[in-house]
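Asker: here are the coordinates; sequence isn't available:
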């Protein structure tokens, strides 16, 4: 049996990881500036992370959500404290797409409406509702396109109000920083106006912080730069450091009804052990603050070149946009300089390293990148 082709694969087989570094099956070391799609937050194989999961597996690995799991309560309290959302409730699932699916569903239940506003260049996942609010026709099947989704322009508040004024939109869903679409950052004024519009028209504001959250931007959530509070926040990726975990933070304005939302694997014992370990490490090692510091260091010291159109981002979520396709330079970074990076589209290198990245490791990239540009 063959594997179904999903991604174009590089000829690298990682077998070991430590911090911001991975090693392949031939013993070659690589600097990981991609973190496996922004998933690795506290670094590969952190001892405390490994210890918590191993200890939990020796106790109990799984039981259904029909019984009390104290680890879920412990994680909710930690996330509430770290994020400043202690008055919100916490719903645990397994992935970012699931988080967005449930956020959209909850918004529709709450308002009784069936339309959603999303944004051009957005990405929210690959499951039915999540992909319908994603602006990429290549991955939206006809079955997904039956959802009533309206696409507005980022940082154009008039394009949003044009849809909301009919009072039939359940939710507006927006990324704290657009990731796959090219590291596009909403302006503070736009986000504040968006919050006000949603209040005016009784529309639920959903902040997708799956990639931009959990400290990556230099704040716990990227939307905290804008001074607003959304109604629902979707999370995943960095919360589990590689263990599949998703979550929704839900405003007190929503009244839960038993059976409205549900999950089989969400919030299982192993997932909770992993997420609690990540939260403990992030707090103890000051990783949110480190992301802000080292991310700004990278942006400030990025080499200059006529090939580069713009460098943009916040914290350790950085896009380097070129005036030409970057496939060749990304390949050279991987196989000549042994540095993992990501992409967005055809002309952007995307950096999403673990939040424990040091300035010395950043210097290694800056030097290697400068050499290739020359």
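Answerer: Received, thanks. Predicted model only: the values in this text are computed from it and were never measured.
Asker: outside of the helix or strand encompassing residue 100, which residues touch it?
Answerer: Using DSSP states H and E, residue 100 maps to helix 96-111. The set of residues external to helix 96-111 that reach it, using Cβ atoms under 8 Å, 6 or more residues apart in numbering, is 91, 93, 114, 116, 124-131, 133, 170-171, 173, 202-204, 206, 208, 210-211, 231-232, 234-237, 246-248, 250, 253-254, 257, 260-261, 263, 266. Placement of C-beta: from N, CA and C, glycine included.
Asker: next one: stretch 353-362
Answerer: By Cβ under 8 Å, 6+ apart, stretch 353-362 touches 19-20, 31-35, 40-44, 215-216, 238, 282, 285, 287-288, 290-291, 293-294, 297-298, 301, 316.
Asker: Return the members of these classed as buried.
Answerer: Buried by 16 or more other Cβ atoms under 10 Å: 19-20, 31-35, 40-44, 215-216, 238, 282, 285, 287-288, 290-291, 293-294, 297-298, 316, out of the contacts of stretch 353-362.
Asker: among the residues you listed, which are in helices?
Answerer: Using DSSP state H, 35, 282, 287-288, 290-291, 293-294, 297-298 are the members of the buried ones among the contacts of stretch 353-362 that sit in helices.
Asker: Identify each buried residue in the helix or strand hosting residue 328, please.
Answerer: Here residue 328 sits within helix 327-335, counting by DSSP H and E. By neighbour count on 16+ other Cβ under 10 Å, the buried set for helix 327-335 is 329-330, 333-334.
Asker: want to throw those into TSV with pLDDT and distance to residue 68?
Answerer: TSV is the format used below for the buried residues of helix 327-335 (pLDDT from 0 to 100; distance: Cβ to Cβ, whole Å):
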residue	pLDDT	distance to residue 68
329	95	52
330	96	48
333	96	48
334	96	47
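Asker: a markdown table for these, including distance to residue 4?
Answerer: Compiled in a markdown table, the buried residues of helix 327-335 are given as follows (distance: Cβ to Cβ, whole Å):
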| residue | distance to residue 4 |
| --- | --- |
| 329 | 29 |
| 330 | 24 |
| 333 | 28 |
| 334 | 24 |
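Asker: what mean pLDDT does stretch 117-128 have?
Answerer: Stretch 117-128 shows a mean pLDDT of 97.
Asker: actually stretch 149-157, not the one I wrote
Answerer: 98.
Asker: what about the strands in the stretch 151-300 of the chain?
Answerer: Assigned by DSSP state E, counting those that start in this stretch, the strands in the stretch 151-300 of the chain fall at 169-175, 204-208, 232-235, 246-250.
Asker: what element comes up after the helix holding residue 100 heading to the C-terminus?
Answerer: Defined by DSSP H and E, the subsequent element after helix 96-111 is strand 115-119.
Asker: Can you list the strands that that following strand pairs with?
Answerer: Using DSSP bridges, the strands paired with strand 115-119 are strand 148-152 (parallel), strand 169-175 (parallel).
Asker: Can you name the next helix or strand after that strand?
Answerer: Toward the C-terminal end, the helix or strand that comes next after strand 115-119 (DSSP H and E) is helix 128-132.
Asker: okay, the most centrally placed residue in the chain: pLDDT?
Answerer: Central residue check for the chain by Cα atoms, centre = their mean: the C-alpha nearest the mean position is that of residue 211, 1.3 Å away. Residue 211 carries a pLDDT score of 98 in this model.
Asker: residues touching it, list them.
Answerer: 37-38, 96, 175, 177, 179-180, 237, 317, 352.
Asker: which among the residues you listed gets closest to residue 372?
Answerer: residue 352 (19.4 Å; Cβ to Cβ).
Asker: Find the nearest non-adjacent residue to that closest one, please.
Answerer: Of all residues not flanking residue 352 in the chain, residue 38 sits nearest, at 3.9 Å (Cβ to Cβ, 6 or more residues apart in numbering).
Asker: Isn't the one you found up against residue 240?
Answerer: No - at 11.9 Å, residue 38 and residue 240 do not qualify as touching, with contact defined as Cβ atoms under 8 Å.
Asker: just how off-centre is stretch 182-194 within its chain?
Answerer: The chain centre lies 17 Å from the centre of stretch 182-194; the measure is Cα atoms, centre = their mean, to the nearest Å.
Asker: i'd like the first residue to be 54 from this point on
Answerer: Sure, I'll start numbering at 54, so the last one becomes stretch 235-247.
Asker: quick check: mean pLDDT across that stretch?
Answerer: Stretch 235-247 comes out at a mean pLDDT of 98.
Asker: Check the separation of the first and last residues in it.
Answerer: 21 Å (Cα to Cα, to the nearest Å).
Asker: Can you list the buried residues in it?
Answerer: 235-239, 243-244, 246-247.
Asker: Stretch 208-220 now?
Answerer: Using 16+ other Cβ under 10 Å as the test for burial, stretch 208-220 gives 208, 210, 212-214, 216-217.
Asker: could these be laid out in JSON lines, adding distance to residue 360?
Answerer: Converted to JSON lines, the buried residues of stretch 208-220 look like this (distance: Cβ to Cβ, whole Å):
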{"residue": "208", "distance to residue 360": "26"}
{"residue": "210", "distance to residue 360": "34"}
{"residue": "212", "distance to residue 360": "32"}
{"residue": "213", "distance to residue 360": "35"}
{"residue": "214", "distance to residue 360": "39"}
{"residue": "216", "distance to residue 360": "39"}
{"residue": "217", "distance to residue 360": "41"}
